[in-house]
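[1] Got a sequence here, can you model it:
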Amino acid sequence: RYTDWDAWAVCSVTCGIGQRSRSRRVAVNPRNGGQSCADADITQTEACGKPCASRVQDCVLSSWEPWSSCSATCDVGYQQRKRMIEQHM
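    Coordinates of the predicted model:
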């Protein structure tokens with residue numbers, strides 16, 4: 001069993017695209033022959049940020065790519081997807 005997720009950390013940038021993360025820990029360790037978790041600390045990371053005032057630029061974006069495979073085969077993992085800038089205006 002895990003603890004609740006911690007609050008999201010502050011974004012790594014004040015403008016532009018950065019990352020933030022949060023984590024949780026094992027709250028109850030396995031007993032009586034139970035299997036332990038492969039990663040004692042579980043972390044989630046996501047993109048964050050906002051446009052920089054001097055660098056705001058309109059653009060055309062591609063469609064979203066499909067979701068990636070899950071990073072874990074059990075318990076908590078993450079998936080990601082992206083889209084690209086096709087044209088700056």
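[2] Would you mind giving the secondary structure of the closest residue to P66 other than its chain neighbours?
    Closest residue in space to P66, ignoring its immediate chain neighbours: R81 at 6.5 Å, by CB to CB, 6 or more residues apart in numbering. All C-beta atoms are positioned from the backbone trio N, CA, C, and that covers glycine. Under DSSP: H, G, I helix; E, B strand; the rest coil, R81 falls in the coil class.
[3] roughly how far apart are R81 and E46?
    Applying CB to CB, to the nearest Å, one obtains 12 Å for the distance of R81 from E46.
[4] Residues touching the worst-scoring helix or strand of the chain on mean pLDDT, excluding its own?
    Comparing helices and strands within the chain by mean pLDDT, DSSP states H and E singles out strand 85-88 as the least confident, with a mean of 83. Where contact means CB atoms under 8 Å, 6 or more residues apart in numbering, the residues beyond strand 85-88 that reach it are 57-62.
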